[in-house]
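*Asks:* Sequence first, then the predicted structure:
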Amino acid sequence: MTKPAIILVHGFWGGAAHWAKVIRELWNRGYSDLHAVEMPLTSLADDAGRLRKMIAQREGKVLLVGHSYGGAVITEAGNAPNIAGLVYIAAFAPDAGESPGSISQAIPPAAFANIAPDSDGYLWIKPDQYHDSFCKDLDAEEGLVMAVTQKAPVGATFGDAISEPAWKHKPSWYQISSQDRMINPENQKMMSARMNARKVIALEASHASLASRPKEVADLIVEAAQSIS
């Protein structure tokens, strides 16, 4: 059985290194064609364009895995012919014309007030609120590192809408974080239900489930990879 390439797509307020623990899990299970894209977080078009370039470098089937805003990026870029599946990890999965911002405004997350713009138009999680908002189930030191190294998106990116959602055409899987303070769990339930995901799991986890529950996240990714192989 030929294993697909796996491309991991980060979200707002973090970079490719947020996948570190999941990468180790997948590598130890024999998935060596692993890639974690680093996106500029300057617009959905820019981020989807960067992901499309990485997809084009892969031969054979590709499984896309998106966390948080990375779910919107795989939704926008995932219609490439070699994309065989999509995995959403506590992620946005907007429909056509929807944006992460419009979904969040409909049912705001608990930590919405802890996001603040700077004078250059970038959105930050207030550093002293990052641990509680993003990764409360990690220890304080790991939360501190994430807060200090957070990668802020251009604020306008939050309002960029999806054109043709890939989840309408590709098999999908979804992990809900029931203690998520960055994407309301009710929004996650709504998005996973309407995509008719092949499997939906719920974890007692913060938004940073990829760091706090890497084994369970890797289990879902491996199940998806085996399904499309």
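*Replies:* Yep, it's here.
*Asks:* Okay, the residue nearest to residue 188 when sequence neighbours are not counted and residue 187: tell me how far apart.
*Replies:* Nearest residue to residue 188, sequence neighbours excluded (CB to CB, 6 or more residues apart in numbering): residue 176, at 4.5 Å. From N, CA and C alone the C-beta is placed, and that goes for glycine too. Relative to residue 187, residue 176 is positioned 10 Å away (CB to CB, to the nearest Å).
*Asks:* These two: who's more crowded?
*Replies:* Neighbours per residue (other CB atoms under 10 Å) separate residue 176 from residue 187, with residue 176 holding more: 23 against 20.
*Asks:* In terms of helix, strand or coil, where does that one fall?
*Replies:* Using DSSP: H, G, I helix; E, B strand; the rest coil, the structure places residue 176 in strand.
*Asks:* what does residue 85 give?
*Replies:* strand.
*Asks:* And for the residue nearest to the spatial centre of the chain, nearest residue in space, chain neighbours not counted?
*Replies:* For the chain, the residue nearest the mean C-alpha position is residue 67 (1.3 Å; CA atoms, centre = their mean). Residue nearest to residue 67 in three dimensions, not counting chain neighbours: residue 89, with 4.5 Å by CB to CB, 6+ apart.
*Asks:* What's opposite the one you found in the beta bridge?
*Replies:* With DSSP bridges as the criterion, residue 89 is bridged to residue 67, residue 175.
*Asks:* pLDDT at it, what is it?
*Replies:* The per-residue pLDDT reported for residue 89 equals 99.
*Asks:* Make sure it is actually in contact with residue 175.
*Replies:* Yes: if you go by CB atoms under 8 Å, residue 89 and residue 175 touch, sitting 5.0 Å apart.
*Asks:* shared neighbours, these two?
*Replies:* Applying CB atoms under 8 Å, 6 or more residues apart in numbering, one finds that residue 89 and residue 175 are jointly contacted by 209, 217, 220.
*Asks:* want to try TSV for the residues you listed, with neighbour count, secondary structure and distance to residue 44 as columns?
*Replies:* Output for the shared contacts of residue 89 and residue 175, formatted as TSV (neighbours: other CB atoms under 10 Å; DSSP: H, G, I helix; E, B strand; the rest coil; distance: CB to CB, whole Å):
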residue	neighbour count	secondary structure	distance to residue 44
209	26	helix	23
217	28	helix	24
220	20	helix	25
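*Asks:* export those residues to CSV and tack on distance to residue 46 and pLDDT?
*Replies:* Listed next are the shared contacts of residue 89 and residue 175 as CSV, based on distance: CB to CB, whole Å; pLDDT from 0 to 100:
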residue, distance to residue 46, pLDDT
209, 26, 98
217, 26, 98
220, 28, 98
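*Asks:* export the residues you listed to CSV and tack on distance to residue 226?
*Replies:* Shown next, in CSV, are these (distance: CB to CB, whole Å):
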residue, distance to residue 226
209, 21
217, 15
220, 11
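*Asks:* Go through those residues and name the one nearest residue 168.
*Replies:* Checking these against residue 168 by CB to CB gives residue 220 as the nearest, at 20.4 Å.
*Asks:* so that closest one sits right up against residue 198, yeah?
*Replies:* No: the criterion here is CB under 8 Å, and residue 220 misses it with residue 198 at 10.3 Å.
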